[in-house]
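Visitor: Sequence first, then the predicted structure:
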Amino acid sequence: MRPSLTRLYSQLTAFPSSPLLHKQRKRILQGLILLFGLLAWIAGCRQSQAPPPTPVSQAPAQVTVLVPVEVTRVVTPMPASINCSRGDLGNVKEIAIGAILPLSKPGAMLSGFSMQASLDLAIEDVNAEGGVLGKPLRLITYDAAGIPNRGAFLAERLLRDDCVSVLVGVYNSDVAMAVKKIAHQYGVPVIFAEPRADQVTADQEPEVFRIGPTISMIMQFPAKWLAELGDYNQDGKKFAVIVTDNNSVGQGRVEAAKHWWPVYGFTVEPVLVDLPTDDFSSVLARIVAQDVVPDAVFLYLSGNAGFKLHNQMLAAGIGPQKKTLIINNSNALDDQLFWQNVPDGIYTIMGRNGPWRSTVSAMGLKFAQAYSQYFNRWPESYAFESYDAVRLAADAITRADALDPAKIIAALEATDIELASGHYTFPYGSKNPPDGERVPAYLWHQWPDPQLLYLQYSAIGQKAADAPVIWPPLYHTITNTLVPGLIQEP
């Protein structure tokens, strides 16, 4: 017991008393003992609690919160930490090729699926032929979803962790710009398929190669053909009209036409159309109101709008028989759809990016047949390019006889081979760089002969597969544009 309780006990027991009084004092004492015990227990509990802190002025507490974020790793020109050793071909069991594709939203998923199938077919074909220097190729594909930072992150993963010898693929130009920085830092070659921005190759980084056409090549293509066409209607004026959607893509096409067509001697009249519409009377009025008859009218309208305008032009007397060629977009290569919508469309010209049935190589035809088992259609340009990118990598590694990136790059510069899309060379590289004036800077490590084609229907109801290729000279199947009343034989 505590001292205070002891003193109380002594005081209560110090006086003599009767038995009854003694019992009463005993009960009082027991009650007091219980009361003091309870009070002591309560006081002990209160003392065991930490006293409330005295409020003081201080900085707010910092709290660390773990949030998942997407990280883009930054590497040095010569990465300090690397998990693979390149160049020793003898110690590897297989040769890894890395691909970056858009396989999910917001990327161009359908194009990514086509590219993936084409890459797989190329790997299968190379391995069926014995691989590369007796070693099988292995494809490692990652989905960048069309996001540049993600593409850069995955490129570094492929180069640092997966030890790929070459990067291939990529659909979007902005992803390509991010990926090529990583390829340059690691010194490993990348063969781009579809990215079109001139800048992808224009800054002339040694690791970067491209086999699809650049945007400047695509935009100059109609102007170069017009220069060869000349004054089709023999009225002394070289004049053409371009009709396109009134959107950012169409406006960009108009600006390109205004820039390039005069360079090749043609005056251009642009007509922008707000879709959707079925009535093109205002467009027809614009064409008829011109001082001279157009030598050519280019239709770049999306969906079936191009077919509707085409029909209305023919009904208004504007067409090949009246000395104005009509050039429709690649939708017209769907011959069943075209003839259903434009039954009088003989002599129509259609544009095509990529090999066609009449221009494809033997390897390309074999690839197209295998590709059709996946998609039941003729391969798109980026499908051909993806297939050939793997083939180019395999050929370069074989000639380099090593996995040393510098040797592979040197072998790629010396490429001289027939593949699915045609005969590949890279005439402008380290030994012959483009000067940026006479030879555009974007031709650095650029295949100069991608198949940009113009075809022309020569008979009513003709299959697109049978339509002759009229331009360019490298791939044409007849030597001149077909003229009503004078049909040339291939």
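Guide: Nice, I can see it. Please read these numbers as outputs of a predicted model, since none were measured by experiment.
Visitor: Could you pull out the strands in the stretch 301-450 of the chain for me?
Guide: 325-328, 349-353, 416-418, 423-425 (DSSP state E, counting those that start in this stretch).
Visitor: Give me the contacts around the longest one.
Guide: Meaning strand 349-353. 213, 218, 221-222, 325-330, 332-333, 381, 450-457, 464, 467, 470, 481 (Cβ atoms under 8 Å, 6 or more residues apart in numbering). Every residue, glycine included, has its C-beta placed from N, CA and C.
Visitor: again with the third one
Guide: Strand 416-418 is contacted by residues Ser361, Met363, Arg391, Leu392, Asp395, His423, Tyr424, Thr425 when judged by Cβ under 8 Å, 6+ apart.
Visitor: Quick check: helices, which of the contacts of strand 349-353 are part of them?
Guide: Ile218, Phe221, Pro222, Ser381 (DSSP state H).
Visitor: By neighbour count, which of these wins?
Guide: Pro222 (28 neighbours; other Cβ atoms under 10 Å).
Visitor: ok, the residue lying closest to that residue once chain neighbours are set aside - contacts?
Guide: Spatial nearest neighbour of Pro222, excluding adjacent residues (Cβ to Cβ, 6 or more residues apart in numbering): Phe298 at 6.4 Å. Counting by Cβ under 8 Å, 6+ apart, Phe298 makes contact with Pro222, Ala240, Val241, Ile242, Val243, Thr244, Ile327.
Visitor: swap the cut-off to 7 Å and go again
Guide: Counting by Cβ atoms under 7 Å, 6 or more residues apart in numbering, Phe298 touches Pro222, Ala240, Ile242, Val243, Ile327.
Visitor: Farthest pair within those residues?
Guide: Farthest pair in the contacts of Phe298 (Cβ to Cβ) is Pro222 and Val243. Separation: 12.9 Å.
Visitor: quick one on the thing from earlier: which single one of the contacts of strand 416-418 is nearest to Phe209?
Guide: Distances from Phe209 to the contacts of strand 416-418, taken by Cβ to Cβ, are shortest for Leu392, at 7.7 Å.
Visitor: Touching, that closest one and Ile191? I think so.
Guide: Yes: contact criterion Cβ atoms under 7 Å: Leu392 and Ile191 qualify, at 5.7 Å.
Visitor: Tell me which of the strands of the stretch 301-450 of the chain sits nearest to Arg138.
Guide: Among the strands of the stretch 301-450 of the chain, strand 416-418 sits nearest to Arg138 (Cβ to Cβ), with 21.9 Å.
Visitor: Adding distance to Val92, write the ones in helices among the contacts of strand 349-353 out as TSV.
Guide: Rendered in TSV, the data for the ones in helices among the contacts of strand 349-353 read as follows (distance: Cβ to Cβ, whole Å):
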residue	distance to Val92
Ile218	39
Phe221	42
Pro222	47
Ser381	33
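Visitor: Now for those residues: which two are most distant?
Guide: Pro222 and Ser381 (16.7 Å).
Visitor: Now do the helices in the chain.
Guide: Under DSSP H, the chain gives helices at 3-13, 19-48, 109-128, 148-156, 173-186, 199-202, 215-229, 248-263, 281-288, 305-315, 335-341, 362-375, 381-400, 405-413.
Visitor: Burial check on Val342, number of neighbours?
Guide: Neighbours of Val342 using other Cβ under 10 Å come to 22.
Visitor: what's the closest residue to Met115 other than its chain neighbours in contact with, if anything?
Guide: In space, and not counting its chain neighbours, Met115 is closest to Ser386: 4.3 Å by Cβ to Cβ, 6+ apart. By Cβ under 7 Å, 6+ apart, the residues touching Ser386 are Met115, Ser118, Leu119, Gly169, Ala193.
Visitor: okay, Pro484: pLDDT?
Guide: At Pro484, the pLDDT value in this model is 88.
Visitor: That one reaches Leu325, doesn't it?
Guide: No: judged on Cβ under 7 Å, Pro484 makes no contact with Leu325 at a distance of 10.0 Å.
Visitor: Tell me which of those two has more neighbours.
Guide: Using other Cβ under 10 Å, the more surrounded residue of Pro484 and Leu325 is Leu325, with 23 against 12.
Visitor: That one and Leu299 touch, don't they?
Guide: No: if you go by Cβ under 7 Å, Leu325 and Leu299 don't touch, sitting 11.1 Å apart.
Visitor: circling back to that earlier point, now the strands of the stretch 301-450 of the chain as JSON lines including distance to Ala305 and mean pLDDT?
Guide: Below are those laid out as JSON lines (distance: least, Cβ to Cβ, whole Å; pLDDT from 0 to 100):
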{"stretch": "strand 325-328", "distance to Ala305": "11", "mean pLDDT": "98"}
{"stretch": "strand 349-353", "distance to Ala305": "16", "mean pLDDT": "97"}
{"stretch": "strand 416-418", "distance to Ala305": "39", "mean pLDDT": "98"}
{"stretch": "strand 423-425", "distance to Ala305": "37", "mean pLDDT": "98"}
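Visitor: for Leu103, phi and psi?
Guide: phi -110, psi 0 (degrees, to the nearest 10).
Visitor: And for it, the neighbour number?
Guide: If we define neighbours as other Cβ under 10 Å, then Leu103 has 19 of them.
Visitor: show me what contacts the closest residue to Ala368 other than its chain neighbours?
Guide: Spatial nearest neighbour of Ala368, excluding adjacent residues (Cβ to Cβ, 6+ apart): Pro379 at 5.3 Å. Pro379 makes contact with Ser118, Phe367, Ala368, Tyr371 under the criterion Cβ under 7 Å, 6+ apart.
Visitor: Please tell me how far Pro379 sits from Thr477.
Guide: 19 Å (Cβ to Cβ, to the nearest Å).
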